[in-house]
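> based on what follows, work out the 3D shape:
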Amino acid sequence: MMNADDENESWDDPILEIRNLHVRFGQQCVLRDINLTVVRGESVAIIGESGCGKTVLLKTLIRLIRPTRGQIFFDGVDLATLSAQRLAEQRVRFGFVFQNAALFDSMTVGQNVAFPVRQHRKHSDEEVREMVMARLADVGLPDSVVTKKPAELSGGMRKRVGVARASVMNPEVMLYDEPTTGLDPIVSDVINELMMQSRRRYAVTSVIVTHDMRTARKVADRVVMIYPLARLQDDESQIIFDGPPSELERTEDRRVRQFVRGEAGERLMEMRGELSWDSEAP
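Next up is the predicted model:
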């Protein structure tokens with residue numbers, strides 16, 4: 001959240017800037033020449049096929065993955081220029097909701113949610129408990145879950161604990177990696193509502209990687225679609241859509257329409273061609 005002395009800071013200012021980002025693993029290039037700006041308070045959904053680099057992009061935002069080339073600016077600062085200590089300090093300003101929640105199995109729910117606070121702040125046990133209980137209440141979980149282990153919870157409850165843990169430090173930016181994957185439609189919508197509630201209540205910026213078009217349409221102000229490099233020409237942009245959710249169905253790009261509608265389209269013919277080629281291989 002903004003500091004009280006940042007009165008002159010505009011909410012239209014960029015909080016995240018990605019400039020000419022490339023990420024390569026060995027011989028495989030995953031992201032190429034990505035340019036993207038997220039303004040403070042915005043909610044951006046990143047969509048695209050499996051394997052197109054969405055999660056890689058999310059992790060580069062906090063340098064869990066280091067770019068092969070390009071720059072990531074957070075609040076005007078190039079993260080590559082920071083020492084390890086300063087980078088760790090900046091990461092505290094982010095909350096990250098991992099796929100499948102990624103809770104510590106050996107810890108209780110309360111210990112999981114308290115973990116970032118114990119690591120980065122000096123609070124009394126009572127203060128930590130109050131913070132934990134407040135965040136669990138925010139995500140609609142009863143006090144009784146505090147002493148339970150993650151294995152004792154449903155998938156939807158684990159996701160909510162993940163959201164509570166990611167938000168307990170009052171981050172300025174929340175990063176969500178497939179927050180509704182594997183959940184039924186009702187529980188998925190609960191998670192969507194929690195993301196919207198978190199944004200309204202704490203004025204955070206949100207970046208959401210998702211395959212779920214209901215999530216993209218409901219939660220995001222803006223949708224960015226990334227396309228797999230293997231299916232692009234060298235001079236084509238990897239970002240093939242960047243606009244409000246309302247424009248997804250009206251775009252002239254058939255690749256976007258097919259993805260949004262869940263239509264196999266030309267992709268099925270490509271896959272058949274790949275299978276045919278494979279069957280002729282020695």
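
> mind listing the strands the strand or helix carrying V30 pairs with, and their directions?
V30 belongs to strand 28-39 when elements are defined using DSSP states H and E. Sheet partners assigned to strand 28-39 using DSSP bridges are listed as strand 14-25 (antiparallel).

> hmm, who's touching the strand it pairs with?
With Cβ atoms under 8 Å, 6 or more residues apart in numbering as the contact definition, strand 14-25 has outside contacts at 29-40, 53, 56-57, 60-61, 65, 67-76, 172-173, 205, 207. All C-beta spots, glycine's among them, are computed from the backbone N, C-alpha and C.

> contact partners for L87?
Applying Cβ under 8 Å, 6+ apart, the residues near L87 are 63, 79.

> tell me the buried residues in the helix or strand where it lies?
Element membership of L87, judged by DSSP H and E, is helix 84-91. In terms of neighbour count (16 or more other Cβ atoms under 10 Å), helix 84-91 has its buried residues at 87, 90-91.

> now do stretch 14-34
For stretch 14-34, by 16+ other Cβ under 10 Å, it's 14-18, 21, 23, 30-32, 34.

> ok, stretch 213-223 next?
So for stretch 213-223, counting by 16+ other Cβ under 10 Å, buried means 213, 215-220, 222-223.

> please apply the same query to stretch 230-246.
238-241, 245.

> M107: which of those residues is nearest?
Using Cβ to Cβ, P245 is the member of the buried residues of stretch 230-246 that sits closest to M107, with 37.1 Å.

> what does the pLDDT read for N112?
Per-residue confidence at N112 stands at 94 (pLDDT).

> quick check: closest non-adjacent residue to it.
Ranked by Cβ to Cβ, 6 or more residues apart in numbering and with sequence neighbours excluded, the top spatial neighbour of N112 is L103, at 5.0 Å.

> where do the helices sit along the chain?
54-60, 84-91, 109-120, 125-138, 155-167, 185-202, 213-219, 254-261, 265-280 (DSSP state H).

> out of those, deepest packed?
Among the helices of the chain, helix 155-167 has the highest mean neighbour count (mean count of other Cβ atoms under 10 Å), at a mean of 24.

> what residues are up against the residue lying closest to V146 once chain neighbours are set aside?
The shortest distance from V146 to any residue other than its chain neighbours is 3.9 Å, reached at G110 (Cβ to Cβ, 6+ apart). Taking Cβ under 8 Å, 6+ apart, we find G110 in contact with 129, 132, 146-147.

> and these, which is closest to M157?
V146 (12.3 Å).

> list of residues touching stretch 216-229?
29-32, 34, 36, 42-49, 51-54, 57, 189, 192, 195-196, 206, 208, 210, 236, 238-245, 248, 255-256, 259.

> same thing but 7 Å
29, 32, 36, 42-49, 51-54, 192, 195-196, 208, 210, 238-245, 248, 255-256, 259 (Cβ atoms under 7 Å, 6 or more residues apart in numbering).

> what's the answer for stretch 147-154, then?
By Cβ under 7 Å, 6+ apart, stretch 147-154 touches 103, 105, 108-110, 145, 158, 161.
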